[in-house]
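1. 3D, please:
(one chain, ligands or ions: 1)
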Amino acid sequence: MTFREKLKTAIQTSNSTLCVGLDPNLDRLPADPKWISDSPAQKVEQFLKTVIDATSDFCAAYKPNLGFFEALGPDGWDTFEEILDYIPSNKIIIADAKRGDISSTAEHYAKAFFEQFDIDAITLNPLMGFETLDPFLSHSSKGVYVLTLTSNPGAKDILLQELSDGQTVSSYISKQLSKKQASSDTSIGMVVGATKAQDLGPVITPFRKAPLLIPGIGKQGGSITELKNALHQHQGLPLVNSSRSIIYAGEGSANWEKSVARAAENYKKRLGPITEQYV
Ligand SMILES: O=c1ccn([C@@H]2O[C@H](COP(=O)(O)O)[C@@H](O)[C@H]2O)c(=O)[nH]1
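-> The predicted model follows:
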């Protein structure tokens, strides 16, 4: 099955475009007495498994962010693998790793994520140039999401800068990715921030069929209504990510997993008008 087919099925079967971000911060884990004698990595594993159980009815995808697993030290990689194995097989898994390097190194990143971990898709940073994407594009059943217009304030420092012909760096990236997709079977998608909904038009128009990974709703304040308007002519399937607002929704409460489930259900509902455009 290609990445696009799996993505479509995941959105259709869940009737949701929600992607739950797995960003396990040790300082924010629930003080569950059952885990009292567990190591930090074991606590993270228990926490994330409970989050996955609570949210899997409401989302199409999970996005573990590698930084949070790497911060656990050597055990973090085992925890990462445990979590990948735990995620239901009909969900899309995106490794938020933001890799990008010369080809001999990129080949090894591709091997790590697509062969060792057998993940569906990875986020990539195009700053070192478009040839750095090539090692990932030889894996035809997989997907990549390339940082194109990120959700953070610093997007203005580079991505929203104008080139000499007046287009922004983000639009330029989108055009180049569209050209690259024409000669690749691997699905090429873009990461675009919900916080930048007002600027999305010229960025997504050149590559209307690109799957989109859209962080920035929830804690970062992106508007779902503005996002829906920005996407109205976009054909590529979107996944809208929320991490902290879901996984820490029950912070401080004994029945925290119920709040996590409610938060995911609520996001699924709020994203309904976007999901309806694509199912
Ligand atoms: O432009 C980007 C690209 C990636 N991210 C990542 O998404 C989540 C967002 O977390 P929230 O808690 O929902 O704000 C996080 O892993 C970021 O590293 C992004 O925010 N913006």
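2. for the rest of this, base every contact and every neighbour count on C-alpha atoms.
-> Fine.
3. how about the contacts made by the residue of the stretch 101-250 of the chain found nearest the ligand?
-> Relative to the ligand, the nearest point of the stretch 101-250 of the chain is Thr150 (3.2 Å; C-alpha to the nearest ligand atom). Each residue near Thr150 by C-alpha atoms under 8 Å, 6 or more residues apart in numbering is listed here: 159, 191-193, 196.
4. if we use 10 Å, what do you get?
-> Contacts for Thr150 (C-alpha atoms under 10 Å, 6 or more residues apart in numbering) come out as 156, 159-160, 170, 190-196, 214-216.
5. how much space between it and Val192?
-> With the distance defined as C-alpha to C-alpha, to the nearest Å, Thr150 ends up 5 Å from Val192.
6. over to Thr123?
-> 11 Å.
7. now do the shared contacts for these two.
-> Residues touching both Thr123 and Val192 (C-alpha under 10 Å, 6+ apart) are 145-147, 213.
8. need those residues in a markdown table with distance to Pro202, can you?
-> As requested, those are exported to a markdown table (distance: C-alpha to C-alpha, whole Å):
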| residue | distance to Pro202 |
| --- | --- |
| Tyr145 | 18 |
| Val146 | 16 |
| Leu147 | 15 |
| Leu213 | 17 |
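9. list phi and psi for Ala61.
-> phi -150, psi 160 (degrees, to the nearest 10).
10. got a pLDDT number for it?
-> pLDDT, Ala61: 98.
11. can you check Pro153 too?
-> As predicted, Pro153 sits at a pLDDT of 97.
12. neighbours of it, just the number please.
-> 9 (other C-alpha atoms under 10 Å).
13. let me see the contact set for it.
-> 195-196.
14. which SS class is the residue nearest in space to the middle of the chain?
-> Nearest residue to the geometric centre of the chain (C-alpha atoms, centre = their mean): Lys63, 4.6 Å. What DSSP: H, G, I helix; E, B strand; the rest coil gives for Lys63 is strand.
15. common neighbours of Thr150 and Val192, please.
-> Joint contacts of Thr150 and Val192 (C-alpha under 10 Å, 6+ apart) are 170, 214-216.
16. can you give me the helices in the chain?
-> For the chain, the helices defined by DSSP state H cover 3-14, 40-55, 66-70, 75-86, 103-110, 169-182, 201-204, 224-230, 244-247, 256-270, 272-276.
17. looking at Thr123 and Val192, which one has more neighbours?
-> Taking other C-alpha under 10 Å, Thr123 and Val192 do not tie; Val192 has more neighbours (27 against 23).
18. how about that one: what's its closest non-neighbour residue?
-> Once flanking residues are discounted, Val192 sits nearest to Leu149: 4.7 Å by C-alpha to C-alpha, 6 or more residues apart in numbering.
19. kindly report the same for Ile247.
-> Closest to Ile247 by C-alpha to C-alpha, 6+ apart is Val260, at 5.8 Å.
20. how close does the one you found sit to Asn65?
-> 18 Å.
21. neighbour-wise, which of those two wins?
-> Set side by side, Val260 and Asn65 show more neighbours around Val260, with 24 against 20, by other C-alpha under 10 Å.
22. correct me, but that one touches Ser242?
-> No - Val260 is beyond contact range of Ser242, at 11.7 Å (criterion: C-alpha atoms under 10 Å).
23. which one among the contacts of Thr150 gets closest to Lys98?
-> Val191 (10.2 Å; C-alpha to C-alpha).
24. let me see the contact set for that closest one.
-> Contacts of Val191 by C-alpha under 10 Å, 6+ apart are 123-125, 144-151, 210-215, 238-239.
25. from these, which ones fall inside strands?
-> 123-124, 144-149, 212-214, 238-239 (DSSP state E).
26. tabulate these (TSV), appending pLDDT and distance to Asn15.
-> Listed next are the ones in strands among the contacts of Val191 as TSV, based on pLDDT from 0 to 100; distance: C-alpha to C-alpha, whole Å:
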residue	pLDDT	distance to Asn15
Thr123	98	24
Leu124	98	27
Val144	98	23
Tyr145	98	22
Val146	98	25
Leu147	98	26
Thr148	98	26
Leu149	98	26
Leu212	98	17
Leu213	98	17
Ile214	98	17
Pro238	98	12
Leu239	98	12
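27. all good on my end, thank you.
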